[in-house]
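>>> Mind folding the following:
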Amino acid sequence: MTQISAFFFSVILHFIFDFVFQGSQIGLHKYRLNKYMLAHGLIMSIAAAFPVWVYSRSIMYSVLAFIWILISHLTVDIIRVELNRKYTQGPASSLFWKLLGLDQILHVSALFLVFRLI
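Residues are numbered from 1 along each chain as shown. Got it, this is the predicted structure:
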(Lines give C-alpha, C1' and ligand atoms only; values in the text may rest on other atoms or scores of the structure.)
Protein backbone atom coordinates (compact mmCIF):
# COMPACT_ATOMS: atom_id res chain seq x y z
CA MET A 1 0.00 0.00 0.00
CA THR A 2 1.38 3.40 -0.92
CA GLN A 3 1.38 6.34 1.46
CA ILE A 4 -1.28 8.24 -0.53
CA SER A 5 -3.57 5.20 -0.71
CA ALA A 6 -3.15 4.67 3.06
CA PHE A 7 -4.06 8.34 3.62
CA PHE A 8 -7.18 8.02 1.45
CA PHE A 9 -8.05 4.78 3.24
CA SER A 10 -7.81 6.64 6.57
CA VAL A 11 -10.03 9.46 5.26
CA ILE A 12 -12.65 6.94 4.08
CA LEU A 13 -12.55 5.17 7.45
CA HIS A 14 -12.83 8.55 9.15
CA PHE A 15 -16.04 9.42 7.33
CA ILE A 16 -17.51 5.95 7.80
CA PHE A 17 -16.85 5.95 11.55
CA ASP A 18 -17.58 9.65 12.10
CA PHE A 19 -20.98 9.51 10.37
CA VAL A 20 -22.26 6.07 9.43
CA PHE A 21 -21.20 4.04 12.49
CA GLN A 22 -21.24 6.75 15.15
CA GLY A 23 -24.65 5.69 16.40
CA SER A 24 -27.39 7.85 17.85
CA GLN A 25 -26.34 7.30 21.48
CA ILE A 26 -22.90 8.77 20.91
CA GLY A 27 -24.07 11.39 18.42
CA LEU A 28 -26.80 12.76 20.66
CA HIS A 29 -24.94 12.59 23.97
CA LYS A 30 -21.42 13.79 23.13
CA TYR A 31 -20.79 16.71 25.44
CA ARG A 32 -17.53 18.04 26.79
CA LEU A 33 -15.36 15.12 27.88
CA ASN A 34 -18.09 12.69 28.91
CA LYS A 35 -18.08 8.93 28.30
CA TYR A 36 -19.77 9.31 24.91
CA MET A 37 -17.18 11.81 23.69
CA LEU A 38 -14.37 9.58 24.97
CA ALA A 39 -15.88 6.52 23.28
CA HIS A 40 -16.14 8.46 20.02
CA GLY A 41 -12.52 9.64 20.33
CA LEU A 42 -11.29 6.10 20.97
CA ILE A 43 -13.23 4.71 18.00
CA MET A 44 -11.88 7.44 15.71
CA SER A 45 -8.33 6.85 16.97
CA ILE A 46 -8.52 3.13 16.26
CA ALA A 47 -9.90 3.88 12.79
CA ALA A 48 -6.93 6.20 12.17
CA ALA A 49 -4.25 3.94 13.64
CA PHE A 50 -5.21 0.93 11.52
CA PRO A 51 -4.24 2.43 8.11
CA VAL A 52 -1.03 3.73 9.67
CA TRP A 53 -0.16 0.21 10.74
CA VAL A 54 -1.13 -1.23 7.34
CA TYR A 55 1.14 1.29 5.63
CA SER A 56 4.10 1.40 8.01
CA ARG A 57 3.90 -1.96 9.85
CA SER A 58 5.15 0.02 12.82
CA ILE A 59 3.53 -0.29 16.23
CA MET A 60 5.28 2.92 17.29
CA TYR A 61 3.82 4.96 14.40
CA SER A 62 0.40 3.41 14.98
CA VAL A 63 0.45 4.28 18.69
CA LEU A 64 1.63 7.83 17.96
CA ALA A 65 -1.12 8.21 15.35
CA PHE A 66 -3.66 6.86 17.85
CA ILE A 67 -2.58 9.40 20.49
CA TRP A 68 -2.46 12.33 18.04
CA ILE A 69 -5.90 11.57 16.58
CA LEU A 70 -7.37 10.99 20.04
CA ILE A 71 -6.18 14.39 21.27
CA SER A 72 -6.93 16.31 18.08
CA HIS A 73 -10.30 14.67 17.40
CA LEU A 74 -11.53 15.20 20.95
CA THR A 75 -10.33 18.81 21.00
CA VAL A 76 -12.01 19.68 17.69
CA ASP A 77 -15.26 17.88 18.57
CA ILE A 78 -15.49 19.36 22.07
CA ILE A 79 -15.05 22.88 20.70
CA ARG A 80 -17.55 22.30 17.86
CA VAL A 81 -20.18 20.80 20.18
CA GLU A 82 -19.81 23.70 22.62
CA LEU A 83 -20.08 26.27 19.82
CA ASN A 84 -23.12 24.47 18.42
CA ARG A 85 -24.81 24.40 21.82
CA LYS A 86 -24.11 28.08 22.39
CA TYR A 87 -24.75 29.60 18.96
CA THR A 88 -26.93 27.33 16.83
CA GLN A 89 -30.36 25.76 16.89
CA GLY A 90 -29.14 22.49 15.43
CA PRO A 91 -29.11 21.44 11.77
CA ALA A 92 -31.59 24.18 10.84
CA SER A 93 -28.85 26.76 11.42
CA SER A 94 -26.36 27.60 8.67
CA LEU A 95 -23.70 28.09 11.36
CA PHE A 96 -24.19 24.44 12.37
CA TRP A 97 -23.18 23.31 8.87
CA LYS A 98 -20.27 25.75 8.68
CA LEU A 99 -18.93 24.43 12.00
CA LEU A 100 -19.41 20.85 10.83
CA GLY A 101 -17.50 21.62 7.63
CA LEU A 102 -14.66 23.22 9.57
CA ASP A 103 -14.69 20.26 11.96
CA GLN A 104 -14.20 17.85 9.05
CA ILE A 105 -11.46 19.97 7.46
CA LEU A 106 -9.56 19.93 10.76
CA HIS A 107 -10.00 16.16 11.18
CA VAL A 108 -8.75 15.41 7.67
CA SER A 109 -5.86 17.84 8.20
CA ALA A 110 -4.89 15.92 11.35
CA LEU A 111 -4.89 12.70 9.33
CA PHE A 112 -2.79 14.38 6.63
CA LEU A 113 -0.23 15.38 9.26
CA VAL A 114 -0.01 11.79 10.46
CA PHE A 115 0.88 10.55 6.98
CA ARG A 116 3.13 13.49 6.27
CA LEU A 117 5.25 12.68 9.33
CA ILE A 118 5.64 8.91 8.83
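>>> how much space is there between the most centrally placed residue in the chain and His14?
Nearest to the mean C-alpha position of the chain, by Cα atoms, centre = their mean, lies His73 at 4.5 Å. Going from His73 to His14 by Cβ to Cβ, to the nearest Å gives 9 Å. Yep, even glycine has a C-beta here, placed from its N, CA and C like the rest.
>>> rewinding a little: which ones are touching the residue nearest to the centre of the chain?
40-41, 44-45, 107, 110 (Cβ atoms under 8 Å, 6 or more residues apart in numbering).
>>> for the protein, where's the lowest mean pLDDT among helices and strands?
Every helix and strand of the chain was ranked by mean pLDDT, DSSP states H and E. The lowest is helix 24-29, at a mean of 82.
>>> Mind giving me the packing neighbours of the next helix or strand after that helix?
Using DSSP states H and E, the helix or strand that follows helix 24-29 towards the C-terminus is helix 35-56. In terms of contacts (3 or more Cβ pairs under 8 Å, 6 or more residues apart in numbering; DSSP states H and E), helix 35-56 is packed against helix 3-15, helix 24-29, helix 59-87, helix 94-117.
>>> quick one: the first one to helix 35-56, angle?
Spelled out, that is helix 3-15. 160 degrees (axes from the mean of the first three to the mean of the last three Cα atoms, to 10 degrees).
>>> Would you mind listing the buried residues in helix 3-15?
Of all the residues in helix 3-15, those buried under the rule 16 or more other Cβ atoms under 10 Å are 6-7, 9-11, 13-14.
>>> How about the third one?
Buried residues in helix 59-87, defined by neighbour count with 16+ other Cβ under 10 Å: 61-62, 64-66, 68-70, 72-74, 76-78, 80-81, 83-84.
>>> now the shortest one
Judged by neighbour count (16+ other Cβ under 10 Å), helix 24-29 contains these buried residues: Ile26.
>>> That helix: how far from the chain's middle?
The chain centre lies 15 Å from the centre of helix 24-29; the measure is Cα atoms, centre = their mean, to the nearest Å.
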